[in-house]
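Enquirer: fold the following.
(one chain, ligands or ions: 1)
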Amino acid sequence: MQIYKVGGAVRDRLLGRPVSDVDWLVVGATVEQMQAEGFRPVGADFPVFLHPRTGEEYALARTERKSGRGYGGFTFHASPEVTLEEDLVRRDLTINAMAEDEHGNLHDPYHGKADLEQRLLRHVSPAFAEDPLRVLRVARFAARYAPLGFRVADETLQLMRQIAESGELQALTAERSWKEIERALMESEPQVFIEVLRSCGGLSELMPELEGASTLAALHQAARHQQPLAVRWACLLRGLQPAALKALNQRFKAPRECQELAMLVGEFAERADQAPQLEPASLLEMLQKFDVYRRPKRFEDFIAACEMAALGSEYPQGEYLRGAAEAARAVDVKPLLEAGLAGQGLGEALKGERLKALEAYKAA
Ligand code: CTP
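Expert: Have a look, this model is predicted:
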């Protein structure tokens, strides 16, 4: 058997980028041989094994053929006869279809190295179309490598357009799509992900709500400031109507934190922008809705999302809101308890005290 390092590890080493996880490809071996060598089988769908010592993934060389719609519609063929070239040709991009043998020699039948040098994201073969998720992957790689000057090859964009037109993107599961979206949002130029999807027609298939959205600037700003995922998602969705927000959240089963923040930004961003002019009652209503007493981090994320939308201009409203939350939080419940208040009465009294605190804060 021959063992090759493949995929992202080869690509990122050539790019001089840190390599996080290494995938290995095994040519000329059977499942039985692998097990006899102590590898533990893990793949439910494909013959993939974990190395007994390092825990890294080793996959048997395979060919793949699409047999139906969606991700389930795959048949694969793994056998010791499948060659390195046959395995590499079914992969998505030329830069992901390089292999390195145990002597460190590069095997690059589809000219991935030349495409790396030309900064091109180019598909390997028509087999690209067999997994529509690759449309999202290419957009994600474009976002990741934009700072290095990468772009999508024209013929690949054309193929992505055909896949989008076929309607196949809608057959992707929420989980697979979200994983790509999440990773793309965490890249350094996440707006490029959306731009690439838009330019191939994928955006109107996956997120039609964003088609008319005017700007990706807040999202870009959030990446520049290394904001967490929920803030980036909220920045992307900023300005959408509640129904559109809800639809997007649900379509991709976004994590609760992301869903909540996007909805809260939708509901309260305008109010936040006016914070110093707000009546204390309106300010209090907002703080109560955020539950700033028990969820301070969520309110911070909200302020961050509002700040990002200011695109680097001063956002004094942020400090004002922090101060207001502080003032409301400082109200002591103890004297109210000592006065014998409980239940709804206590809640009302606490609210009254907080309102007074906000009136004093505004007056100060
Ligand atoms: N691959 C593919 N089509 C997919 C998923 C993966 O062709 N839909 C192939 C590519 O050759 C890829 C390899 O499998 O390089 C490993 O995939 P994965 O670990 O998802 O990505 P990496 O390329 O390693 O990139 P990342 O740095 O994003 O993990």
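Enquirer: count of residues packed around Thr54?
Expert: Per other C-beta atoms under 10 Å, the neighbour tally for Thr54 reads 10. C-beta: built from backbone N, CA, C; applies to glycine.
Enquirer: whoops, I mixed them up, Asp332
Expert: 9.
Enquirer: so Asp21: helix, strand or coil?
Expert: coil (DSSP: H, G, I helix; E, B strand; the rest coil).
Enquirer: report the separation between it and Asp92.
Expert: 17 Å (C-beta to C-beta, to the nearest Å).
Enquirer: who has more neighbours out of these two?
Expert: Asp92 (24 against 9).
Enquirer: ok, and the closest non-adjacent residue to the residue in the stretch 251-364 of the chain that the ligand sits nearest to?
Expert: Per C-beta to the nearest ligand atom, Phe252 is where the stretch 251-364 of the chain lies closest to the ligand, at 17.4 Å. Leaving aside its chain neighbours, Phe252 sits nearest to Trp178 (4.3 Å; criterion: C-beta to C-beta, 6 or more residues apart in numbering).
Enquirer: and the one you found, which helix or strand is it part of?
Expert: helix 174-185 (DSSP states H and E).
Enquirer: which parts of that helix are buried?
Expert: By 16 or more other C-beta atoms under 10 Å, the buried positions in helix 174-185 come out as 177-178, 180-185.
Enquirer: and that helix, what does it pack against?
Expert: Using 3 or more C-beta pairs under 8 Å, 6 or more residues apart in numbering; DSSP states H and E, the elements in contact with helix 174-185 are helix 133-145, helix 190-199, helix 229-237.
Enquirer: what helices and strands are in contact with the second one?
Expert: Contact analysis of helix 190-199 by 3+ C-beta pairs under 8 Å, 6+ apart lists helix 133-145, helix 174-185, helix 202-206, helix 217-224, helix 229-237 as its packing neighbours.
Enquirer: now do the shortest one
Expert: Taking 3+ C-beta pairs under 8 Å, 6+ apart as contact, the helices and strands that helix 229-237 lies on are helix 174-185, helix 190-199, helix 217-224, helix 242-251, helix 256-273, helix 296-309.
Enquirer: distance to Ala127 for these - can I get that in a markdown table?
Expert: Shown next, in a markdown table, are the helices and strands packed on helix 229-237 (distance: least, C-beta to C-beta, whole Å):
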| stretch | distance to Ala127 |
| --- | --- |
| helix 174-185 | 18 |
| helix 190-199 | 21 |
| helix 217-224 | 32 |
| helix 242-251 | 28 |
| helix 256-273 | 33 |
| helix 296-309 | 40 |
